[in-house]
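Student: A structural model of the following input is requested.
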Amino acid sequence: MSIDALTVVNNHLRGIARRAINPIGGVKSKRALVDEYAAADPSILEMDADYIPVSFGHFQGEWIIAKNSDPDRRILYIHGGSWMAGRVEIYRPHIARIAAATSCTVLAIDYRLAPENPFPDGLEDCITAYQWMSDHGSDSNTKANKLFIMGDSAGGNLTLASLLVLKDRNIAQPDAAISLSPVTDMSWSANSIKTKASVDVVLIPAFMPLLSLAYLQNNNDPTTAYASPLFGDLQGLPPLLIQVGEAEILLDDAVRFAEKAEAAGVKTTLQIYPEMPHVFQVFAPFLPDANLALERIGEFIKNRF
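Tutor: Next up is the predicted model:
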């Protein structure tokens, strides 16, 4: 009897979670685990796109270009990894599928990571890259026709925080933003942190406050809006698509943010995927729900063309 794709993915993620508990190796070992996150099946690691390195001085990035990518329609992609891990190189196959689904050219960045570079260093890198992207394309230094910001997990947090920074600095917002399984409350007060602990196969509730300490360190309140966008003034943000798995402890982070954004007058689309784990979208094309989620991301973006 064949094992279904979700079972394979969940077993893979449980293995990562078991190894994450081991304190030996420190930050370096945790970064290696994040590098393995999507590797549940060889098909997930296949990539059909070109990439062009970009340098921002103290951090780097890449243009990722699918066959149907329009260089004047641009997405800034902010990877996840608990603000302490993740690399564009590892994310390339996923980002290539985003580029293909949306017909956009994607700028993915290796923003500075904690604990070496605590909040708000990585967030400032996202703002720098967004502003640069608005005036520089993959093939010429031309102004973008359409701009979007997108990220997953910690990158989903940075996506929403970036919108708040742009608003406060009177910088033009993107045409829309997409946030996948975002952290929106670093005080970890969401009810699902407890109620979904028994079904979340990879995120460990006891570890979440430790992430806050590593990212914010000693000088910042975890409820400051740029760290926890749920506590920000959400009026004036662009249209949002938020996707989250029903089987993850961050479910209520997504739900509460979507509800508050909608109440603030932001056109918000919340999509909850039954039984799906944290950032399940990275498991396309192996996981059927991941393929569906990417199709919906493509539709959401193309409706803004």
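Student: which strands and helices lie in contact with the helix or strand harbouring D252?
Tutor: Assigned by DSSP states H and E, D252 belongs to helix 251-263. With contacts taken as 3 or more CB pairs under 8 Å, 6 or more residues apart in numbering; DSSP states H and E, helix 251-263 sits against helix 192-195, strand 240-245, strand 268-273. Where you see a C-beta, it was placed from the backbone N, CA and C, and this is true even at glycine.
Student: residues touching the residue nearest the centre of the chain, list them.
Tutor: Central residue of the chain (CA atoms, centre = their mean): D152, 1.5 Å from the mean position. Counting by CB atoms under 8 Å, 6 or more residues apart in numbering, D152 touches 78-80, 179-182, 279, 281-282.
Student: what is it paired to in the beta sheet?
Tutor: For D152, the residues forming beta bridges with it (DSSP bridges) are L180.
Student: quick revisit: so for the helix holding D252, what gets flagged as buried?
Tutor: Judged by neighbour count (16 or more other CB atoms under 10 Å), helix 251-263 contains these buried residues: 251-258, 260-261.
Student: run through who's touching it.
Tutor: By CB under 8 Å, 6+ apart, the residues outside helix 251-263 that reach it are 160, 179, 181-185, 190-193, 196, 229-230, 234, 237, 240, 242-245, 268, 270, 272.
Student: do the same with stretch 135-147
Tutor: Counting by CB under 8 Å, 6+ apart, residues outside stretch 135-147 touching it are 52, 63, 65, 69-74, 76, 104-105, 107, 130, 133-134, 174-175, 304-305.
Student: could you rerun that using 6 Å?
Tutor: 52, 63, 65, 71-74, 105, 134, 174-175 (CB atoms under 6 Å, 6 or more residues apart in numbering).
Student: how far out from the middle of the chain is that stretch?
Tutor: Average the C-alpha atoms of stretch 135-147, do the same for its chain, and the two points are 22 Å apart (CA atoms, centre = their mean, to the nearest Å).
Student: swap in stretch 245-255?
Tutor: Here stretch 245-255 shows a centroid-to-chain-centroid distance of 14 Å under the convention CA atoms, centre = their mean.
Student: what's the mean pLDDT across it?
Tutor: Stretch 245-255 shows an average pLDDT of 98 in the prediction.
Student: next: stretch 206-220.
Tutor: Confidence over stretch 206-220, taken as the mean pLDDT, stands at 90.
Student: let me know the average pLDDT across stretch 89-109.
Tutor: Mean pLDDT, taken over the full extent of stretch 89-109, equals 98.
Student: ok, of the contacts of stretch 135-147, which come out buried?
Tutor: Members of the contacts of stretch 135-147 that pass the buried threshold by neighbour count (16+ other CB under 10 Å) are listed as 63, 65, 71-74, 105, 134, 174-175.
Student: pick the one among those residues closest to A40.
Tutor: Checking these against A40 by CB to CB gives I65 as the nearest, at 25.8 Å.
Student: which of the contacts of D152 are buried?
Tutor: A residue is treated as buried here by neighbour count (16+ other CB under 10 Å); on that basis the buried members of these are 78-80, 179-182, 279, 281-282.
Student: make TSV from those residues and add pLDDT and distance to M47 to it.
Tutor: Output for the buried ones among the contacts of D152, formatted as TSV (pLDDT from 0 to 100; distance: CB to CB, whole Å):
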residue	pLDDT	distance to M47
I78	98	19
H79	98	15
G80	98	18
S179	98	23
L180	99	19
S181	98	22
P182	98	25
V279	98	18
Q281	98	15
V282	98	13
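Student: that concludes my questions; thank you for your assistance.
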